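Enquirer: Provided below for reference: sequence and predicted model.
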Amino acid sequence: MNIFAKKPTAREALRESKKEMANATRGIEREIGALQLEEKKLVAEIKRTAKTGNEAATKTLARQLVRLRQQIANLQGSRAQMRGIATHTQAMAANSSVAVGMKGATKAMEAMNKQMAPAKQAKVMQEFQRQSAQMDMTSEMMSDAIDDALDNDEAEEETEELTNQVLDEIGIDVASQLSGSSQRKNCWEED
């Protein structure tokens, strides 16, 4: 143990841990593959001894097959645990990164709060609301005054001319429709 060695950072430790976990997982997978090959050979051997009628040898080989399958199951469980540990380690590293980010954000917010005096900001907001309300009232009064000044017969005539022009453009003749409806009305009254 070297007391002068530099302590690894969290990222370096995570990288090293991932590498070790990957190596261990690959080793377990190689063992599982070798045992599965052994299992196939053992099954073939059991079939051969069963055909010869050697019951004692067949039972012994069958016990070996059961143990072999248990070993494979145990190794598969170990592999799953290794993967779970690797995932858990990765999640812990992510949480650590989030905590560091939150720490920085907290410091930034604290600095902003020091620069922005809340009482001063509230006073500015109240003044803005007061000025905004005053401007709205002035705007409304001016709009009403303009509407009153323009609300005369000329505006009505101009509106009617524009309406007739638009109706002519789309092919509707108001006068013929009005006369047609009055004739229909008269026909209904006569009946």
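Expert: In hand now; what should we look at?
Enquirer: and the protein, what are its domains?
Expert: 10-115, 154-191 (automatic domain parsing).
Enquirer: hey, least reliable of those by pLDDT?
Expert: Here the lowest mean pLDDT among those goes to domain 154-191, at a mean of 62.
Enquirer: check contacts around Ala80.
Expert: Contact analysis of Ala80 by CB atoms under 8 Å, 6 or more residues apart in numbering lists nothing. Backbone N, C-alpha and C define where each C-beta goes, glycine included.
Enquirer: element containing it, please.
Expert: helix 55-115 (DSSP states H and E).
Enquirer: how far is stretch 5-18 from where the chain is centred?
Expert: Offset of stretch 5-18 from its chain centre (CA atoms, centre = their mean, to the nearest Å): 31 Å.
Enquirer: Going forward, the N-terminal residue is numbered 12.
Expert: Noted, 12 is the first residue going forward, which turns the last one into stretch 16-29.
Enquirer: So for it, what gets flagged as buried?
Expert: For stretch 16-29, burial by neighbour count (16 or more other CB atoms under 10 Å) applies to Leu25, Ser28.
Enquirer: now swap in stretch 31-51 and tell me
Expert: Across stretch 31-51, burial judged by 16+ other CB under 10 Å covers Met32, Thr36, Ile39, Ile43, Leu46, Glu50.
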